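S.K.: no sequence for this one, just the structure:
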């Protein structure tokens, strides 16, 4: 087995037209690969608004207040249905959508995901690498557990001391 399984991966992926190095870089740059909830097209996520190297076959996308993803084309189709009119594509705005076509929630809002830095922190966090979040939570838990254990040990020794004092008083 010369080189093992790992050396075969790039060859097999390249056979299908997948550049593994580019795919790894894309995955590591974003923890989440959002797809439109209707047409399943890949949505552009860009943490650097000056970066014009957007991957091919991506569309401008939006995250809705119900946490569904939708592309601009599907927003246009939804606005046409909601308003029952043939609206001009240039006049269509994400703010015109009132109901989520994916989960049917009413009174929704849409935020563009093409510039992550412009998103509110609570939404931006949804696109972060969960492993980094877990590391942060792990250190917080270790810190808090250490203090809980210290407090419990201190209280236990105080209880033992008080029980010992109680025994002395009874005698």
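M.R.: Noted; the coordinates are in hand. Bear in mind the structure is a predicted one, so any value in this text is a computation, not a measurement. Residues are numbered from 1 along each chain as shown.
S.K.: same for the strand ranked longest in the chain, what does it pack against?
M.R.: Taking DSSP state E as the criterion, the chain has its longest strand at strand 58-64. When contacts are defined as 3 or more CB pairs under 8 Å, 6 or more residues apart in numbering; DSSP states H and E, strand 58-64 sits against strand 42-44, strand 69-71, helix 72-83, strand 110-112. Any C-beta I mention is one placed from the backbone N, CA and C, and that applies to glycine too.
S.K.: quick check: which of these is buried the most?
M.R.: strand 69-71 (a mean of 25; mean count of other CB atoms under 10 Å).
S.K.: just how off-centre is it within its chain?
M.R.: 14 Å (CA atoms, centre = their mean, to the nearest Å).
S.K.: re the thing from before, how about the helices and strands packed on strand 58-64 in JSON lines, adding mean pLDDT and distance to residue 119?
M.R.: Shown next, in JSON lines, are these (pLDDT from 0 to 100; distance: least, CB to CB, whole Å):
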{"stretch": "strand 42-44", "mean pLDDT": "85", "distance to residue 119": "13"}
{"stretch": "strand 69-71", "mean pLDDT": "92", "distance to residue 119": "13"}
{"stretch": "helix 72-83", "mean pLDDT": "87", "distance to residue 119": "17"}
{"stretch": "strand 110-112", "mean pLDDT": "90", "distance to residue 119": "6"}
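S.K.: make a markdown table out of these and add distance to residue 59.
M.R.: Below are those laid out as a markdown table (distance: least, CB to CB, whole Å):
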| stretch | distance to residue 59 |
| --- | --- |
| strand 42-44 | 6 |
| strand 69-71 | 4 |
| helix 72-83 | 6 |
| strand 110-112 | 11 |
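S.K.: pull the contacting residues for residue 72.
M.R.: 59-62, 92, 94 (CB atoms under 8 Å, 6 or more residues apart in numbering).
S.K.: pick out the most distant pair among those.
M.R.: By the measure CB to CB, 61 and 92 form the most distant pair in these, at 14.5 Å.
S.K.: the more surrounded of these two?
M.R.: Neighbour totals were compared for residue 61 and residue 92, and residue 61 leads with 26 against 19 (other CB atoms under 10 Å).
S.K.: what sits opposite the more buried one in the beta ladder?
M.R.: Judged by DSSP bridges, the bridge partners of residue 61 are residue 71.
S.K.: show me the contacts for it.
M.R.: Counting by CB under 8 Å, 6+ apart, residue 61 touches 34, 36, 43-45, 69-72, 112-114.
S.K.: of the residues you listed, which is the nearest to residue 132?
M.R.: Of all these, residue 132 sits closest to residue 45, with 16.7 Å by CB to CB.
S.K.: can you tell me which residues contact the closest one?
M.R.: 30, 32-34, 61, 113-114, 116, 127.
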